[in-house]
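>>> Any chance you can model this:
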Amino acid sequence: MAKKTTAEKVATIQQGYTLQGATIELGAAIVDGEVHKEAQVRLPLAMMNRHGLVAGATGTGKTVTLHMIAEQLSTAGVPVFLADIKGDLSGLATPATGSEKLTARTSALGQDWQAKNFPVEFLSLGGDGNGIPVRATITSFGPILLSRIMDLNDTQESSLQLIFHFADQKNLELIDLKDLRAVIQFLTSDEGKAELAELGGLSKATAGVILRELVALEAQGMEKFFGEPEFDTAELLRAAPDGRGVVSCLELPTLQTKPLLFSTFLMWLLADLFEDLPEAGDLDKPKLVFFLDEAHLLFNGASKAFLEAITTTVRLIRSKGVGIFFVTQTPKDVPADVLGQLANRVQHALRAFTPEDAKALKATVSTFPVSDYDLEETLTSAGIGEAVITVMNEKGAPTPVALTRLRAPESVMGPSTDELIRGTVAASSLLAKYGTAVDNVSAYEKLSGAEPVPTGSAAPGEPPAPASASSGGSQADIDAEARRIEEEILGRPSSRPAPTPQSYPAPPAPTPAPSQDPGVFGDIAGALGGALGGGLKSMVRSMGTQLGRDLIRGVFGTSSRRRR
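This next block holds a predicted model:
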């Protein structure tokens, strides 16, 4: 086969990246060592929900690539979620300053560069840092994700699922860690012996192990990540008044001490979106693009069930209009079943200093389409701000592989000032909604008879807000009607919490159940059978706890107390 000339290689790239719809402009192709600004490399906006991978060695420019793509998505009216691990992405809120060097680079790429800032919402896990606190209830987080944080084995994870099921059946709201601890303590007490025995698969020894792990989480200060008000993931889908998409920037100052919590919390955000968003099909632009940094943290030591849940989420959330970009060092950090779902690839330079590095390099090269580049050489010699790119075109086919000099961001490539961040948080419309932690009546109060704590500490700039009152007459009527409508539409028992009674005794001793529906699983089988027919009742009873639970909870065992 005759070797292509430089002009032919450039023409191949030009043809492959000539697209009809709106695009994200990534940069100009480098062919035979020269930048060709006539060969623009771009990504169709409509294909951003086909997911992607941004990979490369430390210091090769992955964060700047995220920064640049996020700016263009926002300009196109697409909301963006970014995990800001190093604090650099807060610079999106501050216009960059031009220079001769910057102008020379952008002109060579054919980029019409202008300094801009973008609408940014600063978030923080549980208020750990400068941002609107993001919290989740234990019920919403679910047993699978919580097991991941506590590093439980398969048996212990199954036992935790039984505990969640018990709490669901007894209307014991699991809001924070003390609620879950109270339920476990009740089950392992003399008073709860009968309930524990009825759960069947839960031993007192295993319950004790889970209880010790909960105490360890509290000792590490993780209780502040669980509670109310719970963050509504619909907040990630907002647009600014000028039509640009809001960039939600989650600050993670303590990532090094809580990496597993960080990665698992991000999966909770995705799982919640997955459960609540309607099917959307193919859209001209995605509803949200979610950048998941340090993706290897998700998969290291993950159980088979957890990996299957991630794969299912990635595969199915595309049809709901959400794109996910995994950001990590090498493609081998991502399991093959997930990697196979990532159609858009931005591969920064890799280093091959060790035999293991060389093996990873060969594996990476093997995942790219055949191209005019010697990819082993190209990937080890690419400079900072350069990447090998192939994406999905508008017809669903891969574009030609192109070594690309990437465009420069138009906002600051670095952190914004603390004053700007604090001012943005203080002016946020979300502060009044999420700024103050509250402690409503839940499992702990019901089982112990303790009074709820009125409020938690307020976020900066927001006065403490009173805790929500217990459900009263008119609110109870509204809630009851909402449950009735939900049951009528969905054909299953409502997942809305039942009205809170005025007194909170421990759960009553179980009443003897008919022999064909033993224990609490007979209750769920009966409820489902009544709603959907006797055949399903028999199926639930025979297939046991796992299926019955999955019919009520989501793919990660999540169960939001909110309703859109």
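>>> roughly how far apart are K320 and L273?
Look at K320 and L273: by C-beta to C-beta, to the nearest Å, they are 7 Å apart. Just so you know, the C-beta spots here come from the backbone N, C-alpha and C atoms, and that holds for glycine as well.
>>> ok, now R318?
Separation of R318 from L273 (C-beta to C-beta) stands at 12 Å.
>>> cool, and E279?
From E279 across to L273, the span is 13 Å (C-beta to C-beta).
>>> Looking at these two, which is more packed in?
Counted by other C-beta atoms under 10 Å, E279 and L273 do not tie: L273 has more neighbours, with 22 against 8.
>>> tell me the contacts of the closest residue to the more buried one other than its chain neighbours?
Among residues not flanking L273 along the chain, T233 sits closest, at 5.0 Å (C-beta to C-beta, 6 or more residues apart in numbering). Counting by C-beta atoms under 8 Å, 6 or more residues apart in numbering, T233 touches 269, 272-273, 276.
>>> okay, T233: pLDDT?
T233 is assigned a pLDDT of 93 by the prediction.
>>> What of E488?
What the model reports for E488 is a pLDDT of 49.
>>> Could you shift the numbering so residue one becomes 6, and keep it that way?
Shifting the count to begin at 6 puts that one at E493.
>>> correct me, but M52 touches N349?
Yes - assessed by C-beta atoms under 8 Å, M52 is found in contact with N349 at 6.9 Å.
>>> what residues are shared contacts of these two?
396-397.
>>> Looking at those two, which one has more neighbours?
M52 (26 against 23).
>>> how far away is the closest residue to that one other than its chain neighbours from V406?
Residue nearest to M52 in three dimensions, not counting chain neighbours: M397, with 4.6 Å by C-beta to C-beta, 6+ apart. M397 sits 13 Å away from V406, going by C-beta to C-beta.
>>> overlap in contacts of these two?
With the criterion set as C-beta under 8 Å, 6+ apart, the contacts of M397 and V406 do not overlap.
>>> ok, then the element right after the host helix or strand of S164?
When elements are assigned from DSSP states H and E, S164 belongs to helix 159-174. For helix 159-174, the following helix or strand on the C-terminal side (DSSP H and E) is helix 182-192.
>>> Does the residue nearest to M52 touch P403 like I think?
Yes - between M397 and P403 there is a contact under C-beta under 8 Å: 6.3 Å.
>>> one step back: contacting residues for the residue nearest to M52?
By C-beta under 8 Å, 6+ apart, the residues touching M397 are 49, 52, 55, 348-349, 403-404.
>>> P234 too?
If you count contacts by C-beta under 8 Å, 6+ apart, P234 has them with 140, 438-439, 441-443.
>>> mind checking the SS state of L275?
Of the three states, L275 takes helix under DSSP: H, G, I helix; E, B strand; the rest coil.
>>> how about the strands in the stretch 256-405 of the chain?
293-297, 327-333, 349-352, 391-395 (DSSP state E, counting those that start in this stretch).
>>> returning to that earlier point: give me the buried subset of the contacts of P234.
140, 439, 441-443 (16 or more other C-beta atoms under 10 Å).
>>> Which of these sits closest to P360?
Distance ranking of those against P360, using C-beta to C-beta, places R140 first at 45.1 Å.
>>> so what sits against both of E284 and L278?
When contacts are counted by C-beta under 8 Å, 6+ apart, E284 and L278 are jointly contacted by K325.
>>> If you count neighbours, what's buried in the helix holding S164?
By neighbour count on 16+ other C-beta under 10 Å, the buried set for helix 159-174 is 161-174.
>>> Name the nearest of these relative to T63.
The closest of the buried residues of helix 159-174, once distances to T63 are taken by C-beta to C-beta, is E162, at 33.3 Å.
>>> Contact partners for the closest one?
Each residue near E162 by C-beta under 8 Å, 6+ apart is listed here: 148-149, 152, 308, 310.
>>> Next one: it from E200, what distance?
Separation of E162 from E200 (C-beta to C-beta): 20 Å.
>>> next one: Q45
In this view, Q45 and E200 are 65 Å apart by C-beta to C-beta.
>>> cool, and L151?
20 Å.
>>> With neighbour numbers in mind, choose between the two.
More crowded of L151 and E200, by other C-beta under 10 Å: L151, with 28 against 23.
>>> residues in contact with the more buried one?
Going by C-beta under 8 Å, 6+ apart, L151 touches 143, 165.
>>> The one 4 residues further on too?
Residues touching M155, when contacts are defined by C-beta under 8 Å, 6+ apart, comprise 215, 218-219, 221-222.
>>> residues near I315, how many?
I315: 23 neighbours (other C-beta under 10 Å).
>>> Distance-wise, check it relative to M418.
Relative to M418, I315 is positioned 31 Å away (criterion: C-beta to C-beta).
>>> Stretch 383-401: end-to-end distance?
26 Å (C-alpha to C-alpha, to the nearest Å).
>>> Also stretch 396-416?
Terminal residues of stretch 396-416 are spaced 25 Å apart (C-alpha to C-alpha).
>>> Now it: buried residues?
The neighbour-count criterion (16+ other C-beta under 10 Å) identifies 396-398, 404-416 as the buried residues of stretch 396-416.
>>> next one: stretch 75-84
Buried residues in stretch 75-84, counted by 16+ other C-beta under 10 Å: 75-79, 81, 83-84.
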